Structure formats: structure tokens, C-alpha cells
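In: Kindly return the folded structure for what I paste below:
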Amino acid sequence: MKVLIVNAHPEPASLTSSLKDLAVTFLERAGHEVRVSDLHAMDWRAAIEAEDFGTSANSPLAIVTDSGDAYEGGTLAPEIAAEQAKLDWADTVILNFPLWWFHLPAIMKGWVDRVFTFKYAYGRGEGNSIRYGAGVFAGKRAMLSVMVGGGPHHYSERGINGELMDLLFPIHHGILYFPGFDVLPPFVVHDTVRMTDERFAEVAADWEKRLLELDTIAPIPFRPQAGGDYERHELKEGVEREGTRGLRLHVA
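Out: The predicted model follows:
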């Protein structure tokens, strides 16, 4: 495999960054190729600015069309083009991050905002066959590695924070599945604020096991938009399992 790890934590000695380092060791030891985008070490800028698009930027700035023109015209900022080249190279992408305020850290969301440009990650071709299960990343795999401060019961179906898979749905379905990735079940570490040396050893062993299954584990079976289950962007009546509601409707 060719694996790209995108890491988001400002502290190199953090649990998040430690799992990034372990992933490089485990994967390379198993014979895989690994590249890392360590966003804080790269001093990655999260906010989109006109300079991202070079001479393709207009005034007023039109983020979608200007980013597409910059991609097609070769005027994207070098750091954005470099990240797109890594995505093109990789067959598997791991987003490694702590869950902050129920979502990606700002720096990682900014990586998505700036790198997943129009005409690159979306907007190629026409019709329903270019999104949700299709698109530029079709055939590639993606997985979230998520550090969560609270315990599993906090993020259960009846947990006060909401079910974790529901919280991750915008990332899984909207950021990764939309442009075509096969989205793997996430690797989740709970109770990170109460980590001990003994528990870290257990987490590391679980992490190595999951990494060695990256090319075999079954992806989350999201419904493809062009698979016949949707009509005019809405799920057809009766295709879901009886009693299914909410976001689970979109998992076959």
C-alpha cells in the first residue's frame, strides 16, 4: 500500500502524534510506503485566501470557480498542489486527529478546505455518477484515527454527547465518501485524558492490528448516489430496513 497520514496536533509528544509515529513504523515494517503531512510541523495555513489561486483569483473572490480555474490552469499555491500530488499518489489515506468540539481540528478542516478544490476533488464530469461513491478518489480507501477525551458511554446511542458515528458522519460521508473514497470504520481511542503507560501499550497493539488490516477490512456500506436507492437526491421510500431512521438511512 501507499499510505498518506495527515496528522493534526501541535504537540509532537501527544498521543495523537505518537500514534502517527507508530503508524509510520508499523506500516514501513510491513513493507508499505508511507508519506506524512504533519500539519502543525508544516505550519499549514487553515484559512482560504486569494493567494491560494494565484493569477486565477478574481475580485470579488469566488472560492469555487476560482479554485477550479487555478487547478486546471496550474496556478494553485505550491503547498496545495503538493498535497494534491500526495493524494494522487496514495491508495489509502488516514486522518489522525483529536476530536475537538465534536469535529476536526481547525487546521485539518483547513487542509480539506484548501486541498479539496473544485475540479480536483469534486466537479469533474456531470450527473450523479461523480459523487457519493464515485469521483476522483474512487478505488482509494480512507480511515479516521480519532482521539476522544470522553468514555464510550458518553458517545453511545443514549450518551449525552450523541452517538460517535453520527458525529463523524459529516466527515465520513460528506468529506470522504462524497468524492469517492471507500470509508473504513474509524479507529477510536476513548478516555484519552486518562491514558496510562499500560493502556498506551494496549492501544498501540490495537493500532498495529488495525493498520495491518487496512487493505482487507470492509468499508462502511454507504449507499452510492448512482446505485438506484435515490431519486432527485432523496432516498426512495421502502429501500431502508424497517425501523431505520436518521443518518443510518444512508448505510445499506
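
In: now what about the helix or strand where residue 200 lies, what contacts it?
Out: Counting by DSSP states H and E, the element that carries residue 200 is helix 197-211. With C-beta atoms under 8 Å, 6 or more residues apart in numbering as the contact definition, helix 197-211 has outside contacts at 15, 18-19, 22-23, 26-27, 30, 145, 187, 189, 195, 217. The way it works is simple: take the backbone N, C-alpha and C, and place the C-beta from them, glycine included.

In: before we move on, what about stretch 166-177?
Out: 95, 99, 102-104, 112, 116, 132-133, 137, 142, 144, 146, 155, 161, 165, 183, 186, 220, 222, 246-247, 250.

In: How is the chain partitioned into domains?
Out: 2-220, 221-252 (automatic domain parsing).

In: Average the pLDDT values over the longest one and round to the nearest integer.
Out: Across domain 2-220, pLDDT averages out at 95.

In: What is the end-to-end distance of it?
Out: Criterion C-alpha to C-alpha, to the nearest Å; first-to-last residue distance in domain 2-220 is 21 Å.

In: How about the shortest one?
Out: Terminal residues of domain 221-252 lie 6 Å apart, using C-alpha to C-alpha.

In: in that domain, what counts as buried?
Out: 222, 223, 224, 225, 229, 230, 240, 250, 251 (16 or more other C-beta atoms under 10 Å).

In: Report the lowest-confidence entry in those residues.
Out: Among the buried residues of domain 221-252, residue 240 has the weakest pLDDT, 88.

In: Pretty sure it sits against residue 251.
Out: No: counting by C-beta atoms under 8 Å, residue 240 stays clear of residue 251, with 9.3 Å between them.

In: So which of the contacts of helix 197-211 sit within strands?
Out: 145, 187, 189 (DSSP state E).

In: what's the burial count for the last one?
Out: Going back to what we said before, that points to residue 189. 21 (other C-beta atoms under 10 Å).

In: got the contact list for it?
Out: 15, 19, 146, 147, 148, 203.

In: and if we set it to 6 Å?
Out: Residue 189 is in contact with 147, 203, counting by C-beta atoms under 6 Å, 6 or more residues apart in numbering.

In: what's the closest of the buried residues of domain 221-252 to residue 62?
Out: The closest of the buried residues of domain 221-252 to residue 62 turns out to be residue 225 (C-beta to C-beta; 25.7 Å).

In: Among the contacts of stretch 166-177, which ones are in strands?
Out: Going by DSSP E, the strands hold 95, 142, 144, 146, 183 from those.

In: Of those, which is the most crowded?
Out: residue 142 (25 neighbours).

In: measure that residue to residue 5 for me?
Out: 11 Å (C-beta to C-beta, to the nearest Å).

In: now the helices for this structure?
Out: Listed in chain order, the helices of the chain (DSSP state H) span residues 15-29, 63-73, 78-89, 106-115, 164-169, 197-211.

In: Now the last one: buried residues?
Out: Okay, so that is helix 197-211. So for helix 197-211, counting by 16+ other C-beta under 10 Å, buried means 200, 203, 207, 208, 210, 211.

In: I'd like those as JSON lines, with distance to residue 54 appended.
Out: Converted to JSON lines, the buried residues of helix 197-211 look like this (distance: C-beta to C-beta, whole Å):
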{"residue": "200", "distance to residue 54": "45"}
{"residue": "203", "distance to residue 54": "43"}
{"residue": "207", "distance to residue 54": "40"}
{"residue": "208", "distance to residue 54": "42"}
{"residue": "210", "distance to residue 54": "40"}
{"residue": "211", "distance to residue 54": "38"}
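
In: what about the residue nearest to residue 138 when sequence neighbours are not counted, how many residues close to it?
Out: Using C-beta to C-beta, 6 or more residues apart in numbering and skipping the chain neighbours, the partner closest in space to residue 138 is residue 180 (3.8 Å). When neighbours are counted by other C-beta under 10 Å, residue 180 registers 22.

In: Please apply the same query to residue 57.
Out: 19.
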